[in-house]
Structures are given as structure tokens and as C-alpha cells.
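Peer 1: structure here, sequence nowhere to be found:
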């Protein structure tokens, strides 16, 4: 087991540099007996004689000179490490690294990023888009400060913060027969061509569960990794979709109509944060803005 007493090393350096224990004590702001004890303990710890004591003076031994050279080398590396940590902390305060699902990076984050930049113009913003598992990986490995993903609660290696809950909605071409209904159910979609998110997504799994419980087989004619293109296809009359309301609202300027879907299926959009690292002030501000925007 490594045993290392920094006060002993500081005392040793001070004695070497000043030439006597009294001045070394003044430099370190301690008493001369305290310096003597630290040097004695250091010598006893490692079985060294560092100073030859004569009447009224001390002289460093060859071991002391060799040890001092190594101490100075280590102190130089230590100063470099402190400098690196300082620059790293300053860099983290001036850069915000985001990871998000592709859809949300297109239609949810841009407005938040714009507002954030107005408040923190000196912060460089980096954005990585990808599937939810990749978002988690980026945050877990320290490549990103904040993630935005569709996740259940039981994710390990990161901290999960629940966003304000939203539900899935039904999106249809403008003027579609279903637009006469106030709420769309699986029974209403029995023969309707459906365009859905890919089978690997949590949203799709929960949606299919609702269809199974209603004893309805969905007529899926297309699935997509991302919901954005689906809205355009729906607007062009290809079919109907069920998706999160944030995406639907983002594309509401297209020729589409939006209706609530029943049963309610939550869209579990989550903030993915480092498990132990404290967020820098810019990142904390961005989290607050995200929560306000989601509300």
C-alpha cells in the first residue's frame, strides 16, 4: 500500500531550499520543532539519512540530493496535472456537449439551443444525434454532458431525470375520415394503413401492446427509424401514424391533423445525465430550459 505524507515532502523541500530548519519553518508557517519532526518521520519512514547534523547546521546527504531531484521532477508533473485539471474545468464550463435522438434533435432541441445561446453566447455547443442506446453510451462514457432519449426508468450507468409526461397521438392527412372523431382507438385503425416507428423502439413495443390488448392487428405498411419522415408521408396521404406529440406538433404546419390516441401511452422522454459528475453552470441552465420547453 502506498504511503505518502505531503507535509513531510513539503518540509524536506523547504529545508533543502532554505538550508536550515528555522527558515524552512518560517516558509511553511510552522514551528521549527514541527519541521524537525517531519524530517525525522520521513527519514524513519523510508530508512534514509537525509541530513548530516552538525553543531548549528545541517547538510544534505547524497541520498537527500538524489531524492530532491526526484521530488522536483514529481512536483513539475504535479503542477502540470493541476494546470490540466484547471484547463479541463474551464473548458467544461465553456462547452456544452449534447446527445439526442435524431427526431428530437430536429424538432425539439433547436429552439432550446437558440434560447440557450442567447444567454450563454461564449459556450460552444456540440450536438450528436443517434438512437437512444447510443445517447446513453455517450453520456455514460463522458463524451456528452446531457442526453435526451426515449427510455424506461431502469437504465444503469447514468442518472435519469424524468421529463414532463406527454402521450402518443394519432396523425392523419388533413380531411381524413378519422378527423371526424375526437379520439382515435385501435379499433378505429383496423384496416387503416399505418406508418410507425421501427419495431426496436420502446414506443413501438408499447403501441403494439395496446393493439394486442384491443385484439386488433395493425396494418403496418411502413416503419421508420425516425418519426420525422413519417409526418411528411402522412401529409402526402400515404397513411396514418401514431407518434409522440412533440414530433406531431413540430410538423403541424404540414397537411396533417392530430387527434388524441386511446388508451394513453406515455412518451417516456428522459434526460440522461452523468451518474456522479456535477453539471457545470451552462449545462444546468440548459437542463432547466429543456424542462421548461417540454412543459
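Peer 2: Looks like it arrived, so ask away. On a predicted model such as this, the values are computed, not experimentally measured, just so you know. Residues are numbered from 1 along each chain as shown.
Peer 1: residues making contact with the biggest strand by length in the chain?
Peer 2: With secondary structure taken from DSSP state E, the chain has its longest strand at strand 166-173. Outside of strand 166-173, the residues within contact range by C-beta atoms under 8 Å, 6 or more residues apart in numbering are 178-179, 184, 189, 203, 207, 230-231, 234-237, 240-246, 248, 251, 255-261, 264-267, 269, 294. All C-beta spots, glycine's among them, are computed from the backbone N, C-alpha and C.
Peer 1: tell me the contacts of the closest residue to residue 257 other than its chain neighbours?
Peer 2: With sequence-adjacent residues excluded and distances taken as C-beta to C-beta, 6 or more residues apart in numbering, residue 257 is closest to residue 179, at 4.7 Å. By C-beta under 8 Å, 6+ apart, the contact list for residue 179 reads 172, 257, 259.
Peer 1: can you tell me which of the residues you listed is closest to residue 218?
Peer 2: residue 172 (14.6 Å; C-beta to C-beta).
Peer 1: dig out what that closest one forms beta bridges with.
Peer 2: With DSSP bridges as the criterion, residue 172 is bridged to residue 257.
Peer 1: for the stretch 51-200 of the chain, just list every one of the helices.
Peer 2: Taking DSSP state H, counting those that start in this stretch as the criterion, the stretch 51-200 of the chain contains helices spanning 62-94, 102-107, 109-119, 132-140.
Peer 1: would you mark the buried spots in the second one?
Peer 2: Yep, that's helix 102-107 we're talking about. By neighbour count on 16 or more other C-beta atoms under 10 Å, the buried set for helix 102-107 is 103-107.
Peer 1: is it true that residue 189 touches residue 214?
Peer 2: No - counting by C-beta atoms under 8 Å, residue 189 stays clear of residue 214, with 9.4 Å between them.
Peer 1: who has more neighbours, the two?
Peer 2: Neighbour count, other C-beta atoms under 10 Å: between residue 189 and residue 214, residue 189 has more, with 22 against 16.
Peer 1: where does pLDDT dip in the stretch 151-295 of the chain?
Peer 2: Across the stretch 151-295 of the chain, the ranges flagged by pLDDT under 70 are 151-155.
Peer 1: and the strands in it?
Peer 2: Using DSSP state E, counting those that start in this stretch, the strands of the stretch 151-295 of the chain run over 158-162, 166-173, 193-197, 219-224, 241-244, 256-260, 266-267, 269-274.
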